[in-house]
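A.B. asks: one predicted model, sequence on top.
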Amino acid sequence: MNGCGGLAVLKPEFIVPKHQFKSNIDLGTSLTTEFEPVIKKAKTDEDIIPSTSTTSDNITEDISINDQQTPYKSKKQWRKEKRGQNKNRPMRSEKLRNDEKLCKSYIDGILEEPCINPEKCPFLHDVAKYIALPGTLKSKIDKECYVFKTYGRCFRGLTCLFSKSHTDTENKNMVNIELWTQMKPVFESTHGNILDRDTQQQLRTRKFDFSQIDSICNNVEKAIKLKREAKLNVIPVVADETEKIIKTIGPITDEDEIVVRPEEIKKVDWKNKLYLSPLTTVGNLPFRRLCVDFGADITCSEMSLANSILQGTPHEFALHRRHPSEKIWGVQLCASNAVVAAKACHILDKVGVEYDFVDLNMGCPLDNVFQLGAGSGLMCRGNKVESVAKTMSAVLGSKNKPFTVKMRAGVKTDKYIAHDLIKLCRDSGVSAVTLHGRTREQRYTKTANWDYIGDCVRIATPMSLFGNGDVLSWEEYAEKKSRSDVSGVMIGRGALMKPWIFQEIKEERNIDMTSSQRMEVIQRYCNYGLDHWGSDYQGVETTRRFLLEWLSFLYRYIPVGILEKPPQRINERPPKYFGRDEMETLLASPNAADWVKLSEMFLGPVPDSFIFLPKHKANSWS
């Protein structure tokens with residue numbers, strides 16, 4: 001078997017024969033269906049979302065389409081529906097009712113602080129009644145609480161699903177005083193509320209003080225306008241050879257422009273760093289911690305909308321929590337103009353978000369972002385790019401922070417424009433640019449153009465430039481970095497498929513992860529999730545939801561010992577195969593139901609009303 005047509009080359013003994021394609025293998029792993037909604041209880045697949053799956057005996061992408069088997073009229077329509085996001089996916093599982101929740105005043109089993117309004121409080125005030133609830137007894141997990149083990153105290157108390165490990169016989173929440181005293185500063189630095197009510201009220205009533213930012217923005221815009229007018233009013237004169245031009249306006253200086261000297265801005269050493277890409281949904285704090293454990297040097301928050309920050313949306317601020325293990329950490333903003341972006345980073349600075357740099361997203365290909373002129377839509381607006389670059393460099397320079405930009409090679413498939421924008425960024429004070437070697441229309445199909453990235457490196461000098469795209473092994477990292485001479489490499493999907501890629505690169509070897517080792521990695525992610533989102537019912541289900549989203553990428557990893565010709569390429573999918581043991585087979589399953597089984601091994605049974613469908617369809621894979 002060869003590697004043509006996007007298929008990875010596996011050792012023959014692991015490949016599943018065609019006659020077994022329609023049968024199930026050990027542990028219930030399906031070999032035929034991808035991304036079916038996982039639904040428990042009354043609802044059926046058709047009630048939730050129209051079926052888009054097809055069954056075929058052909059292991060290539062040449063899928064036979066006919067009207068009797070599928071609602072699609074053509075293969076082209078089927079492919080179009082299979083890519084991008086599952087936008088009409090079902091809502092999340094139901095939450096607990098108020099009468100099933102314990103009031104926070106009783107969360108430690110004893111009344112430490114009286115309930116503010118007991119008469120109107122909708123939650124339970126009877127510990128014995130709460131413990132006796134069928135749902136409470138059913139949901140408890142007989143495992144050690146990671147939060148209690150790490151910090152010496154679990155703030156979820158009796159509501160923690162692992163509370164058996166930190167409650168006494170009288171149903172009181174226990175505290176390891178010695179450990180808690182030592183770890184309390186660490187806990188408070190990562191678990192406090194970022195947005196206080198007073199600031200939120202000021203933002204929503206538009207009373208937040210932006211006078212400093214308005215002044216900087218006005219000065220920058222004025223300077224840009226004067227320079228553009230100067231260019232328009234320069235007229236060539238041929239009568240007098242000694243004087244080639246006549247300036248029709250007065251002398252132009254940069255006195256109205258905020259000039260930040262390079263030595264005044266905090267230095268970040270970008271050279272030879274491994275940069276974890278900002279990843280929406282899956283690039284959360286627990287996943288970033290996991291990648292840092294494996295050697296990631298630079299991390300960044302998930303993309304946040306600058307407009308939502310200005311509106312005081314709590315969810316948007318929650319994206320900007322930083323773990324102490326993240327040594328170089330930045331905030332990524334998505335905005336369509338300079339003023340909104342500048343005000344957003346000013347707000348984050350004022351509420352105490354300790355970032356090392358701010359990154360502007362100019363690469364997001366999503367339609368709803370592009371149509372607003374943000375993300376990759378900003379690449380089409382050269383004047384706006386100049387305004388954003390100069391304004392953000394000035395604003396962040398005043399805060400002693402560097403400004404970076406992430407962009408794609410272009411918007412249209414056959415037209416690269418990044419080199420012009422990189423030159424503009426270089427001349428506007430941008431500290432570093434990350435270039436994804438694909439255009440917006442290419443999304444994640446085709447191959448990233450690292451030759452073009454190399455051309456842009458020479459244009460960007462002396463500004464640092466990171467390359468991004470198609471790195472899934474240390475060999476690819478070394479080859480692409482050497483060919484392009486980039487300052488560093490950003491890794492996105494490669495880290496989702498195998499977070500240990502950073503360790504592989506630093507040790508220059510392929511790591512053959514066994515199933516038990518991969519299960520330990522998943523356990524670590526779950527622990528970090530319970531630490532971040534909480535170990536009560538809501539926290540466990542949030543951890544489960546993000547774990548399942550990550551597993552929709554993790555299952556694509558092909559163990560080195562199964563590959564005939566390692567390393568694995570990022571857009572190569574394997575034929576149907578058995579693992580070296582039952583657990584490895586389960587970890588390789590493309591069936592969402594099997595991912596749920598994996599989650600139950602770490603987070604207990606799913607609720608009766610549980611629904612899951614992956615966010616990403618990933619057409620470049622399937």
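C.D. replies: Okay, I see it.

A.B. asks: surely Met398 and Ile216 touch.
C.D. replies: You called it Met, but residue 398 is Ser. Yes - applying CB atoms under 8 Å as the test, Ser398 and Ile216 come out as touching, 6.8 Å apart. For glycine as for every other residue, the C-beta is placed from the backbone atoms N, C-alpha and C.

A.B. asks: more neighbours, the two?
C.D. replies: Ranked by neighbour count (other CB atoms under 10 Å), Ser398 and Ile216 place Ile216 first, with 22 against 16.

A.B. asks: wait, a strand at that one?
C.D. replies: No - remark: Ile216 does not belong to a strand; assigned using DSSP: H, G, I helix; E, B strand; the rest coil, it is helix.

A.B. asks: hang on, isn't it packed against Leu396?
C.D. replies: No - using CB under 8 Å, Ile216 is not in contact with Leu396, being 10.2 Å away.

A.B. asks: where does the stretch 201-350 of the chain dip in pLDDT?
C.D. replies: Applying pLDDT under 70 to the stretch 201-350 of the chain picks out residues 233-266.

A.B. asks: 80 instead?
C.D. replies: Across the stretch 201-350 of the chain, the ranges flagged by pLDDT under 80 are 231-267.

A.B. asks: show me where it has its strands.
C.D. replies: 234-236, 245-247, 274-276, 298-300, 304-305, 328-334 (DSSP state E, counting those that start in this stretch).

A.B. asks: can you say which of these is nearest to Ile491?
C.D. replies: Set against Ile491 and scored by CB to CB, these come closest in strand 274-276, at 6.4 Å.

A.B. asks: hmm, who's touching the closest one?
C.D. replies: For strand 274-276, the external contacting residues (CB atoms under 8 Å, 6 or more residues apart in numbering) are 283, 288, 291, 295-300, 434, 466, 488-492, 495, 502, 505-506.

A.B. asks: go on, stretch 490-500?
C.D. replies: By CB under 8 Å, 6+ apart, the surrounding residues in contact with stretch 490-500 are 274-277, 279, 282, 287, 290-291, 294, 296, 406, 434, 444, 466-468, 470-472, 501-502, 504, 511, 513, 521, 550, 553-554, 556-557, 570.

A.B. asks: between whichever strand or helix holds Gly397 and strand 328-334, how many degrees?
C.D. replies: Using DSSP states H and E, Gly397 sits in helix 382-398. Between helix 382-398 and strand 328-334, the angle comes out at 140 degrees (axes from the mean of the first three to the mean of the last three CA atoms, to 10 degrees).

A.B. asks: can you dump the C-alpha atoms of helix 382-398 in CSV for me?
C.D. replies: Presented in CSV, the C-alpha positions along helix 382-398 are these (Å, rounded to 0.1, in the frame of the first residue of the first chain):
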residue,chain,number,x,y,z
GLY,A,382,-4.5,47.9,3.9
ASN,A,383,-5.2,51.3,5.4
LYS,A,384,-6.9,49.8,8.4
VAL,A,385,-4.0,47.4,8.9
GLU,A,386,-1.6,50.4,9.0
SER,A,387,-3.8,52.2,11.5
VAL,A,388,-4.2,49.1,13.8
ALA,A,389,-0.5,48.3,13.7
LYS,A,390,0.7,51.8,14.5
THR,A,391,-2.0,52.5,17.1
MET,A,392,-1.5,49.2,18.9
SER,A,393,2.3,49.5,18.8
ALA,A,394,1.9,53.0,20.4
VAL,A,395,-0.7,51.9,23.0
LEU,A,396,1.2,48.8,24.1
GLY,A,397,4.5,50.7,23.9
SER,A,398,3.2,53.0,26.5
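
A.B. asks: so what does that helix touch, helix or strand wise?
C.D. replies: Counting contacts by 3 or more CB pairs under 8 Å, 6 or more residues apart in numbering; DSSP states H and E, helix 382-398 packs against helix 211-232, helix 338-350, strand 357-362, strand 403-410, helix 418-427.

A.B. asks: turn those into CSV, columns for distance to Gly539.
C.D. replies: Putting the helices and strands packed on helix 382-398 into CSV (distance: least, CB to CB, whole Å) gives the following:
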stretch, distance to Gly539
helix 211-232, 36
helix 338-350, 25
strand 357-362, 28
strand 403-410, 31
helix 418-427, 40
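
A.B. asks: thought His320 was touching Arg348, still the case?
C.D. replies: One thing to correct before we go on: residue 348 is Leu, not Arg. Yes - the criterion here is CB under 8 Å, and Leu348 meets it with His320 at 6.2 Å.

A.B. asks: shared neighbours, the two?
C.D. replies: Taking CB under 8 Å, 6+ apart as the contact rule, the neighbours common to Leu348 and His320 are Val331, Tyr355.

A.B. asks: check the offset of the helix or strand hosting Leu435 from the chain's centre.
C.D. replies: In this structure, Leu435 is located in strand 432-439 according to DSSP H and E. Between the centre of strand 432-439 and the centre of its chain there are 17 Å (CA atoms, centre = their mean, to the nearest Å).

A.B. asks: parallel or antiparallel, list what pairs with that strand.
C.D. replies: strand 403-410 (parallel), strand 464-468 (parallel) (DSSP bridges).

A.B. asks: pLDDT on the first one, on average?
C.D. replies: Taken as a whole, strand 403-410 has a mean pLDDT of 96.

A.B. asks: same check on stretch 550-562?
C.D. replies: Per-region confidence: stretch 550-562 scores 95 on mean pLDDT.

A.B. asks: ok so, going back, how about the helices and strands packed on helix 382-398, which one is nearest Lys184?
C.D. replies: When these are compared by CB to CB, helix 338-350 sits nearest Lys184, at 25.0 Å.
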